[in-house]
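A.B. asks: from the sequence below, what's the structure:
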Amino acid sequence: MAARPTRGRTPAESAKDVLRRLPLFSRLSDAALDAIAERSVFKNVPRDGVLFRAGEQCHGLYVVVSGAIRVYRSNQEGREQVLHVQTPGQTVAEVPLFDGGPYPASARAEVNSRVLFLARDRFEWLYQHNPEIADAVIRELGRRLRRMVRLIEKISLRDVPARVAMTLLEYAEQRGQVRDGLEFDLPRSQEDLAAELATTRESVARAIARLRREGIIEQHGRHIRILDLAALEATAFPGFKD
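C.D. replies: The predicted structure is shown next:
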């Protein structure tokens, strides 16, 4: 099921209010925000609704307003490799806007979501006439590249327990200073985590069970408490010495 626009044109003022709250655009001037708002349209995307598929010609830029958009690649057997999950304030499909190529991956909504859509020709006009808009998107591309490098490192250079431990550390870092006793909730299911780490749900479950068994973490459902940060780091980065 594809994304569909909301009925009627969303007033520019409403779109501008949304844009101003998004981290990507928070530093833009009023003039730049007005330019984006006037050329944007809101779209509601139901759970599992597809924004685009790999290989399709790029039609524009999406900004996640609410919900979550999964960006992924899939093989002929239908197995998915999750590249990243975009949450409110983040953009989807920037790369083909700049290089003119097709979408390199597919995207669908993990939950009922709302996005702000800017058609490709309008985006090109905007960044040509408003350099600060291009700067904002380039900064987001830089952050995305860093995440992709870390994902490649996890998948290609580490075994499954190390991948899981490294991911738990990343989730913990999002909560602040990582320390013994820090508690946080897993934002992803074990199945979703397995898709992201290019492994199976059973392998993720075994890795987490091992961390519990060795007294490194405590787990209650999705709630995690770090008991031994040093051991968690040693599992994530085996062979690393200070």
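
A.B. asks: any idea how far the residue lying closest to residue 219 once chain neighbours are set aside is from residue 176?
C.D. replies: Excluding the flanking residues, the one nearest residue 219 by CB to CB, 6 or more residues apart in numbering is residue 212, at 5.6 Å. In short, each C-beta sits where N, CA and C put it, glycine included. Going from residue 212 to residue 176 by CB to CB, to the nearest Å gives 23 Å.

A.B. asks: next secondary structure after the lowest-mean-pLDDT helix or strand in the chain?
C.D. replies: None of the helices or strands of the chain scores lower by mean pLDDT, DSSP states H and E than strand 4-5, at a mean of 54. Using DSSP states H and E, the next helix or strand after strand 4-5 towards the C-terminus is helix 12-21.

A.B. asks: shouldn't the residue nearest to residue 219 be in contact with residue 220?
C.D. replies: No: counting by CB atoms under 8 Å, residue 220 is not a contact partner of residue 212; they are 10.4 Å apart.

A.B. asks: residue ranges of the strands in this protein, please?
C.D. replies: Residue ranges of the strands in the chain, as given by DSSP state E, are 4-5, 40-45, 50-52, 60-66, 69-74, 80-86, 91-92, 106-109, 113-119, 183-185, 217-220, 223-226.

A.B. asks: pull out the buried residues from the fifth one.
C.D. replies: When neighbours are counted by 16 or more other CB atoms under 10 Å, the buried residues of strand 69-74 are found to be 69, 70, 71, 72.

A.B. asks: that strand to strand 60-66, inter-axis angle?
C.D. replies: Relative orientation of strand 69-74 and strand 60-66, computed by axes from the mean of the first three to the mean of the last three CA atoms, to 10 degrees: 130 degrees.

A.B. asks: now the angle from strand 69-74 to strand 113-119?
C.D. replies: 80 degrees.

A.B. asks: now strand 69-74: how far from the chain's centre is it?
C.D. replies: Averaging C-alpha positions (CA atoms, centre = their mean, to the nearest Å) puts strand 69-74 9 Å from its chain's average.

A.B. asks: could you do the fourth one as well?
C.D. replies: In terms of CA atoms, centre = their mean, the gap separating the centre of strand 60-66 from the centre of its chain is 12 Å.

A.B. asks: list the buried ones in that strand?
C.D. replies: By neighbour count on 16+ other CB under 10 Å, the buried set for strand 60-66 is 60, 61, 62, 63, 64, 65.
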